[in-house]
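Trainee: How does the following fold in three dimensions:
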Amino acid sequence: GSISCEKKKRKVKIVYFFLSSRKAPVKKKKKKRKIEKGGSEGEGEQEMSIRQYLVPLKKNGAVEEENNKPKQPIVVENDAKPEAKPDTTPNKPKRRKLGESDDGTDTETQLKLADGYKNWGEMALLLTDTAEVNDGASLCNFIRKLNAPHGNKWDLQVLKHFCDTVLRQDISENFYSKIFPWLAGKAVECTRLPKPRILLRNTTSSSTVSESHFIGLLVHAFLCIIPFRYRYSIAKTDVKGAADWKSYPEYHRLKDATKHLPDLNMLPLFGITLGRERVANQIEKLKCVFHYFSKMYMVLVEARQTPTNITVKRTWVPTQVDWIKNQSALCDLNIETIQKIEESQQALQVDFANESLGGGVIGKGCVQEEIRFIISPGLFLARMLCERLTPNDAVAVYGARQHSEYSGYAETFKWEGDHDDRTPLDAAGQTYMVAVTMGNMLNYTKPPMEPGFQYKEPYRLKELHKIFVSLSHTPPIPFAHTTIASGKWGCGVFGGDYQYKLLLQLCAASAANTAPSFTFHTFENEEEAAAIRSFRDSVLSTRCTVAMMYTALSSYHPDSGKTVFNHIATVIRS
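Mentor: Residues are numbered from 1 along each chain as shown. As a prediction, this is how the structure comes out:
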């Protein structure tokens, strides 16, 4: 019917309602007709699907003259399918298998770097042109360009604040004009060198790189361009990691193979995604990283010193020790209250904490293990190459020196300047004689675990074996450990009993026979040091074996009202 033209608004509304209320017509599906044997029915779709094998086409799409002839019925005998034409495409490239390089060599266990991205050519050109990087904002833009398009969403406020406010003027000028171009060049150079291989779980293997090569690898982590290290970024920043990781040629094969590798790209340190209360710790960690880069430039470029080596060794020991029958005598026990573990010269320095080596060093963590990694950046090589630890393996790093002094712990951690590490070189002059062994401890505060579980036999055996494996490393360089330097590992947030942990470590060190003595560091806690001295002088002065100590530990129960030392003293003397 007609609608008054005077009310235009009403007309528009009525017409809109009328059109929007109409239902879209439903298309009826055509039924396919079957082809009867020997018949001429169904010359439609089925005939065309068979005709493509029988009737050749010209290059211009026109049908050959045979098509103009009268069509003959198609007969299908015994349901036989027509043979397809062989593929005669000239020069068809052979498809490269995943995990295999262009020359056929196996790359499945090699460390993956940014040169595997499709846009690596553009990234390499950008890395060679650092003239525009002269302040915090330009450095952040540089990192975003390398990781475009995902990098455009990244939060880099802390990095910008550090470069513009915290970094001293005299250092920043030298950093942007000399140090950063050198670092970018190292990032490109390390892609041309043989890539170190991944040290897989449940294997005994090792890998050695020069510190010059390692700097290039660490720059990749600093610029957030290492592939497959994206789990933390997804969880915290809602982006899909460093650069276009799906464009990596071996992504679909390696996304599962690398699930055991810990995160490495330093993106979490650059923003406030960890929480504003963590910004102070992030600033102090960045001081350590920038100091290491500056120091290595002075050592390798200005002083022209020969780079030393860093070796990562993974040890796998599946067989268990029979602790009840082990008659090894307990080694000498020393107590250290002032000196830190990392200051022990020519000692096997212990780092027992997380199954992912380094723990939360690039995240919110800032306790014993994270501090150890950030003041000795060479330990990052173990994080790069080692899959997460299992109950039967441990990792040792040789040649990773300390470069930063520090004070405090957790929220009070602060960078205190350069550290002059006077660790001597080995006889060949290639590796500094410092060794750090790493193994993961059980967390008794994380449900369903409870602190009382550590005294039960299954957990006691598990921890003893883990410590034994960690202390069983054979040095790849010719020097003997003077002592084993350890401390109250697993006694902080993991809820461990320091007296119980000390005796477990002493038993494992004596069974491993790696060094003649065991040194326990109490970190300036004089009360604990006095209790350990009293126990040592009264109980350990007598000949005590591993079997005797293990039997005494097995009979301890926390509900007895006694400390571990008092219980052990009663059992041993009786």
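
Trainee: so what's V493 closest to, chain neighbours aside?
Mentor: Closest residue in space to V493, ignoring its immediate chain neighbours: T445 at 6.5 Å, by CB to CB, 6 or more residues apart in numbering. Quick note: C-beta positions are derived from backbone N, CA and C, even for glycine.

Trainee: Do a quick rundown of the strands in this structure.
Mentor: 205-210, 309-316, 332-336, 348-353, 393-398, 404-407, 414-418, 435-440, 484-486, 517-521 (DSSP state E).

Trainee: Mind putting these into JSON lines with distance to L264, mean pLDDT and mean neighbour count?
Mentor: What follows is the strands of the chain, written out as JSON lines (distance: least, CB to CB, whole Å; pLDDT from 0 to 100; neighbours: other CB atoms under 10 Å):
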{"stretch": "strand 205-210", "distance to L264": "15", "mean pLDDT": "93", "mean neighbour count": "18"}
{"stretch": "strand 309-316", "distance to L264": "14", "mean pLDDT": "93", "mean neighbour count": "22"}
{"stretch": "strand 332-336", "distance to L264": "33", "mean pLDDT": "94", "mean neighbour count": "17"}
{"stretch": "strand 348-353", "distance to L264": "17", "mean pLDDT": "88", "mean neighbour count": "26"}
{"stretch": "strand 393-398", "distance to L264": "15", "mean pLDDT": "92", "mean neighbour count": "26"}
{"stretch": "strand 404-407", "distance to L264": "20", "mean pLDDT": "96", "mean neighbour count": "17"}
{"stretch": "strand 414-418", "distance to L264": "21", "mean pLDDT": "95", "mean neighbour count": "14"}
{"stretch": "strand 435-440", "distance to L264": "16", "mean pLDDT": "88", "mean neighbour count": "26"}
{"stretch": "strand 484-486", "distance to L264": "27", "mean pLDDT": "94", "mean neighbour count": "27"}
{"stretch": "strand 517-521", "distance to L264": "29", "mean pLDDT": "94", "mean neighbour count": "22"}
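
Trainee: Now distance to T542 too, for these, in JSON lines please.
Mentor: Shown next, in JSON lines, are the strands of the chain (distance: least, CB to CB, whole Å):
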{"stretch": "strand 205-210", "distance to T542": "40"}
{"stretch": "strand 309-316", "distance to T542": "33"}
{"stretch": "strand 332-336", "distance to T542": "13"}
{"stretch": "strand 348-353", "distance to T542": "26"}
{"stretch": "strand 393-398", "distance to T542": "31"}
{"stretch": "strand 404-407", "distance to T542": "40"}
{"stretch": "strand 414-418", "distance to T542": "43"}
{"stretch": "strand 435-440", "distance to T542": "29"}
{"stretch": "strand 484-486", "distance to T542": "22"}
{"stretch": "strand 517-521", "distance to T542": "17"}
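
Trainee: Tell me which of these approaches R543 most closely.
Mentor: Ranking those by proximity to R543 (CB to CB) places strand 332-336 first, at 12.6 Å.

Trainee: those helices in the stretch 401-550 of the chain, which residues are they?
Mentor: Secondary structure of the stretch 401-550 of the chain (DSSP state H, counting those that start in this stretch): helices located at 457-470, 498-512, 526-535, 546-554.

Trainee: follow-up on the earlier one: the residue nearest to V493 against G495, yeah?
Mentor: Yes: using CB atoms under 8 Å, T445 is in contact with G495, at 4.1 Å.

Trainee: of the two, who's got more company?
Mentor: Ranked by neighbour count (other CB atoms under 10 Å), T445 and G495 place G495 first, with 18 against 12.

Trainee: can you pull the contacts of that one?
Mentor: Shown in contact with G495 (CB atoms under 8 Å, 6 or more residues apart in numbering): N443, Y444, T445, P451, Q454.

Trainee: how about those residues in JSON lines, adding pLDDT?
Mentor: Listed next are these as JSON lines, based on pLDDT from 0 to 100:
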{"residue": "N443", "pLDDT": "86"}
{"residue": "Y444", "pLDDT": "89"}
{"residue": "T445", "pLDDT": "86"}
{"residue": "P451", "pLDDT": "88"}
{"residue": "Q454", "pLDDT": "93"}
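
Trainee: quick one: which of these has the most company?
Mentor: Of those, with other CB under 10 Å as the count, Q454 tops at 23 neighbours.

Trainee: ok, that residue to D351 distance?
Mentor: Distance of Q454 to D351, given as CB to CB, to the nearest Å: 19 Å.

Trainee: for the residue lying closest to D332 once chain neighbours are set aside, what are its contacts?
Mentor: Leaving aside its chain neighbours, D332 sits nearest to S517 (4.1 Å; criterion: CB to CB, 6+ apart). The contact partners of S517, by CB under 8 Å, 6+ apart, come to C331, D332, L333, N334, T482, T483, I484.

Trainee: now do 10 Å
Mentor: Counting by CB atoms under 10 Å, 6 or more residues apart in numbering, S517 touches C331, D332, L333, N334, A347, H481, T482, T483, I484, A485, A509.

Trainee: again with K325
Mentor: K325 is in contact with T545, V546, A547, Y550, counting by CB under 10 Å, 6+ apart.

Trainee: Need the helices of the stretch 401-550 of the chain in TSV (columns: mean pLDDT).
Mentor: Converted to TSV, those look like this (pLDDT from 0 to 100):
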stretch	mean pLDDT
helix 457-470	93
helix 498-512	95
helix 526-535	94
helix 546-554	95
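
Trainee: Quick one: closest of those to P227.
Mentor: Across the helices of the stretch 401-550 of the chain, P227 has its closest neighbour in helix 457-470 (29.9 Å, CB to CB).

Trainee: Return the angle between stretch directions for the closest one and strand 393-398.
Mentor: With axes from the mean of the first three to the mean of the last three CA atoms, to 10 degrees defining the directions, helix 457-470 sits at 30 degrees from strand 393-398.

Trainee: buried sites along helix 457-470?
Mentor: In terms of neighbour count (16 or more other CB atoms under 10 Å), helix 457-470 has its buried residues at R460, E463, L464, H465, K466, I467, F468, V469, S470.

Trainee: can you check stretch 362-371 too?
Mentor: Going by neighbour count (16+ other CB under 10 Å), the buried part of stretch 362-371 is I362, G363, K364, G365, C366, Q368, E369, E370, I371.

Trainee: so which of those comes closest to N525?
Mentor: Q368 (13.8 Å).
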